[in-house]
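Participant: this is the structure alone, sequence omitted:
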């Protein structure tokens, strides 16, 4: 995964242009991993809570 793809996905999610699913696809990672990245940046993920993300490890570009 490229850092630029993740940062673009985070920005698009943060601007409410993309959903978690769309942003994860843009970044090339699964939704749980993206939700974890978003939560660590202080962005509300709605249906995804960090404590529910047991299978997501850190994203490479975090």
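Facilitator: Noted; the coordinates are in hand. Source: prediction; values computed, not measured.
Participant: CA atoms for contacts and neighbours, from now on please.
Facilitator: Will do.
Participant: now the residue positioned nearest the centre of the chain. Nearest residue, chain neighbours left out?
Facilitator: For the chain, residue 34 is the residue whose C-alpha lies nearest the centre (C-alpha atoms, centre = their mean; 2.2 Å). In space, and not counting its chain neighbours, residue 34 is closest to residue 24: 5.7 Å by C-alpha to C-alpha, 6 or more residues apart in numbering.
Participant: got the contact list for that neighbour?
Facilitator: Residues in contact with residue 24 (C-alpha atoms under 8 Å, 6 or more residues apart in numbering) are 9, 30-31, 34.
Participant: circling back: just checking, the residue nearest to the centre of the chain touches residue 25?
Facilitator: No - assessed by C-alpha atoms under 8 Å, residue 34 is found out of contact with residue 25, at 9.4 Å.
Participant: ok, and the closest non-adjacent residue to residue 18?
Facilitator: Residue 18's closest residue in space is residue 12 (C-alpha to C-alpha, 6+ apart), at 5.5 Å.
Participant: alright, that wraps it up for me.
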